[in-house]
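Asker: please find the sequence and the predicted model below.
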Amino acid sequence: MRLWLALQQWWSGEAVLLWTDALLFLLLMALVAAYVHVRRDEPLRRSWRRVLGSAPAMASAIVLSVYILVALLDSLHFRPLQPAGESGERYEAGVLSVLDAALTPERTHTERSYSRPMAIRALEMTTVMDPDGLSRQEYPRLKYGGSHLQDPAQRGADLLAASARALAQAVLTTLLAWAAISGVLARRHGLSWRIAASGIPGRAGAVPWRTIMMTLLVLVSLGCLCAELGPRYHLLGTDKVGNDVLFQSLKGVRTSVVIGTLTTLLTLPLAIAFGVAAGYFRGPVDDAVQYLYTTLDSIPDVLLIAAMVLVMQAYMAGHAEGFSSVQQRADLRLVLLCAVLGITRWTGLCRLLRGETLKLREQDYVHAAQALGAGHLRILGHQILPNVMHLVLITVVMQFSGLVLAEAVLSYIGIGVDPGMHSWGNMINSARLELAREPAVWWSLTAALAFMLVLVLAANLFADAVRDAFDPRATRRSEEAGR
Amino acid sequence: MTAYIVRRCLYAVPILVGVNLVTFWLFFFVNTPDDMARLALGAKHVTPEMVAGWKQQHGYDRPLLFNSAVRGTGKLTETLFYRKSLRLFLLDFGSSDGGRDIGHDIAQRMGPSLAIAVPTLLVALAVEVGIALLIVMFRGSYIDLFALLICIVLMSISLLFYVIGGQYLIGKVWRLAPISGFGDGVDAWRFVALPVFIGVLGGVGAGVRVYRTYFLEEEGRDFIRTARAKGLTDGVVLFRHVLGNAMIPVLTGLVVVLPSLFLGSLIMESFFGIPGLGSYTIEAIQNQDFAIVRAMVFLGSLLYVLGLLLTDISYTLVDPRVRLG
């Protein structure tokens, strides 16, 4: 519902396209194209079916798609329509994303300082003046968290009721989804609706429907819980300046997804071109490429990233006039960070591709193509490239989780994303001293780490399944590449 | 053997030259000394005279590649490239932008770095190999599956979580070890214990998985089947045949990182307040001290190349099938 309103706002506002948005949507289009391609190609379809048949992979795929959906919603940026009749400008100056708009109560309900998850009072005492002039210490009520309650004692009952409502909604939604899926299955396989529906909880067919339904139930419950409680309480508490932690964590999703995907994407062409060319042409080309990646490899990753980010920072500080807004600046920095990270990560794939191409170019079908007079480009495109794509796919999915983890560490060192950007690394960085406080402030840190853990775990499980399905004979090699 | 080592050392030269050129390009072409000066002096109200003064004070007031103002070899040596970049080959690191002698700092900070890195490496190796062997013993069972799942979960947790959680629980709540700091002499172990424990914990998931695949690969070979057919017990097969042969990839994987141990770990050292090279680097990055970062990049690649060389030599020592001509 709120999402629908937010999308309407986006439609009526003026669209703003940041660099990362453009690249993310490019990636989405590439995914759709890949899907169409896989549907046409029987062997590829068989491998993917093996991935989809594995229960952990399917569950993590659903979790991953939720994260990606959040990231995409957060990438639809716009300037909202100005309320009629105010100033001359048609659109407001601030840029929002659809996610911002959908999470408006959480975004704008800023308290004064820390508060515990679902609290209605602040964490720290302040001095208040009584009407009769006496000052006393008390925990003040929060401005927004639980402000609809007259009596603080109602909090428990209110929370319970809201959770029950959320759970009921979730169960209902899942049941509806179950019915819909069984309907589709029944039509496709020509079964009666009842058999299909009862088959879902069991182990019917190759697709692990039971796992899918369970994952959906958990995710939908969490979603409903946020929707029910989010506007009225701070579900995960607030941070030092009173911002809602749940909102910040959700905003961090996009940063992580962008880093996990764009980094590989930006340098993929480089790795493929160099790796395949080195393996295919051998001789001087091979020497040059090998020299290039050995040199880059020999610089320790963190130091290379640090060096490049430092240089980038200095450059951006010197050319500040080129950016029209803070957001654009942060965004460009994110793209550059992806590029920088990518430069340290492409050598592994390049090496793998070179080795594989060296093997492939001696295959009979390549010789046959050469004998038939096919040119280099044709052989590379038709004989070599399709046969190394599984390595590319495996590397891309295996790198994702490592990159998400790297973002947090780099932001901690101070060479990660822009300090003003929402990211889990920045959240952890600003929260790490809060554990030493008395009473300890643990929610900000825990939220960021939990969001990150779920994403990385899902990515790891999914990557394992993809690797097993696409490369059954070389588990060890990719294990090393993923390290 | 000697001829081989000499040849390998010569191979390393072009790589180091490449690294040198990359860093020079990054730090002097993309980001000119003028930019550095402006950054160091602060963004506002910087006059060209101030920039020139800063450059002269820190020795950046020479031409980049070719100095036409001087005669003889000075044309090449009185340049930034020679002064700031080529000198690194002589292990002459010069002084930092803050005015300190980098070489001296590095020598002093190596010790604490090693005090953390070496125990972490050894304990991690023992723990990971032990667990991986146990898992291989129960291969194919639910224990195997369960252990793998735990490994994946451990891998998916950010190192930052281990550090922060460990400091909080062990250091603050249970008070088993000091939260951070470093001491000399006998007392040092108390400061070392927590970082080592957390370093091991952070790497154990990924390590066990890798070693397990090494072991399983050996486990599937013909000579293992022969050994079992001869009637050897599971333990003997596992320890003598599987472990013995799998040690080749394990050891060579270790040798690569040996020289880099000097650099320490950036995260652990800065969190635990250990005055090693890792925290030195972090401080340099945070203070934007380009001279130190440049020196560390070069030192890091030098040590890595050394590690590769040692790896190749160690192949000949542990694997009788490899001979170097």
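Answerer: Now that the structure is in, tell me what you want to look at.

Asker: neighbours of residue 132, how many?
Answerer: All of this refers to chain A. The number of residues packed near A:D132 is 5, by other C-beta atoms under 10 Å in any protein chain shown. In short, each C-beta sits where N, CA and C put it, glycine included.

Asker: my question was about chain B
Answerer: As a burial measure, B:A132 scores 25 neighbours (other C-beta under 10 Å).

Asker: can you check B:F29 too?
Answerer: Around B:F29 sit 11 other residues, with neighbours defined as other C-beta under 10 Å.

Asker: which element is B:G300 on?
Answerer: When elements are defined using DSSP states H and E, B:G300 is found to belong to helix B:290-318.

Asker: tell me which residues of that helix are tucked away?
Answerer: Using 16 or more other C-beta atoms under 10 Å in any protein chain shown as the test for burial, helix B:290-318 gives B:290-311, B:314-315.

Asker: same check on stretch A:450-461?
Answerer: Neighbour-count burial for stretch A:450-461 flags A:451-461 (criterion: 16+ other C-beta under 10 Å).

Asker: export those as CSV, with columns for pLDDT and secondary structure.
Answerer: Putting the buried residues of stretch A:450-461 into CSV (pLDDT from 0 to 100; DSSP: H, G, I helix; E, B strand; the rest coil) gives the following:
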residue, pLDDT, secondary structure
A:F451, 92, helix
A:M452, 92, helix
A:L453, 92, helix
A:V454, 93, helix
A:L455, 94, helix
A:V456, 93, helix
A:L457, 93, helix
A:A458, 93, helix
A:A459, 92, helix
A:N460, 92, helix
A:L461, 91, helix
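
Asker: of the residues you listed, closest to B:L39?
Answerer: Within the buried residues of stretch A:450-461, the smallest distance to B:L39 is 31.9 Å, found for A:M452 (C-beta to C-beta).

Asker: show the pLDDT at the nearest residue to that closest one once chain neighbours are set aside.
Answerer: The shortest distance from A:M452 to any non-neighbouring residue, by C-beta to C-beta, 6 or more residues apart in numbering or on different chains, is to A:W424 (5.0 Å). At A:W424 the predicted local distance difference test score is 89.

Asker: listing request: residues of the chain with sub-threshold pLDDT.
Answerer: In the absence of a named chain, chain A is used. Per-residue confidence for chain A (pLDDT under 70) gives these ranges: A:1, A:83-90, A:193-206, A:318-324, A:472-483.

Asker: can you look at chain B instead?
Answerer: For chain B, the stretches flagged by pLDDT under 70 are B:42-45, B:64-78, B:83, B:184-187, B:323-325.

Asker: OK, contacts around the residue most central in space within it?
Answerer: By C-alpha atoms, centre = their mean, chain B has its centre lying nearest to B:S260, at 3.9 Å. For B:S260, the set of contacting residues under the criterion of C-beta atoms under 8 Å, 6 or more residues apart in numbering or on different chains consists of A:300, B:300, B:303-304, B:307.

Asker: same question, A:G275
Answerer: If a contact means C-beta under 8 Å, 6+ apart, then A:G275 has A:289, A:349-354, A:357, A:388 as its contacts.

Asker: for B:L176, helix, strand, or coil?
Answerer: Taking DSSP: H, G, I helix; E, B strand; the rest coil as the rule, one finds B:L176 in the coil state.

Asker: right, and it touches B:Y168 too?
Answerer: No. Proximity of B:L176 to B:Y168 does not meet the contact threshold set by C-beta atoms under 8 Å, at 12.0 Å.

Asker: in which helix or strand does A:T174 reside?
Answerer: helix A:155-189.

Asker: what are the buried residues along that helix?
Answerer: Judged by neighbour count (16+ other C-beta under 10 Å), helix A:155-189 contains these buried residues: A:155, A:158-159, A:162, A:166-167, A:169-170, A:173-174, A:178, A:181-182, A:185-186.

Asker: does the lengthiest helix in chain B come close to chain A?
Answerer: With DSSP state H setting the assignment, residue counts place helix B:102-137 as the longest helix in chain B. No. Under the criterion of C-beta under 8 Å from any C-beta of the partner chain, chain A is not reached by helix B:102-137; the shortest gap measures 12.3 Å.

Asker: could you name the helices and strands sitting against whichever helix or strand comes after that helix?
Answerer: For helix B:102-137, the following helix or strand on the C-terminal side (DSSP H and E) is helix B:142-156. The elements that helix B:142-156 packs onto, with contact taken as 3 or more C-beta pairs under 8 Å, 6 or more residues apart in numbering or on different chains; DSSP states H and E, are helix A:443-470, helix B:102-137, helix B:188-219.

Asker: got the angle for the shortest one vs helix B:142-156?
Answerer: Taking axes from the mean of the first three to the mean of the last three C-alpha atoms, to 10 degrees, one finds helix A:443-470 and helix B:142-156 inclined to each other by 130 degrees.

Asker: just give me the neighbour total for the residue of the stretch 51-200 of chain B at minimum distance from chain A.
Answerer: When distances are taken as C-beta to the nearest C-beta, the stretch 51-200 of chain B reaches nearest to chain A at B:S156, 4.0 Å away. As a burial measure, the neighbour count of B:S156 was computed by other C-beta under 10 Å and equals 21.

Asker: quick check: it touching A:V456?
Answerer: Yes. Counting by C-beta under 8 Å, a contact exists between B:S156 and A:V456, whose distance comes to 4.1 Å.

Asker: what do these two both touch?
Answerer: Shared contacts of B:S156 and A:V456, defined by C-beta under 8 Å, 6+ apart, are found at A:S401.

Asker: contact partners for A:A374?
Answerer: When contacts are counted by C-beta under 8 Å, 6+ apart, A:A374 touches A:H382.
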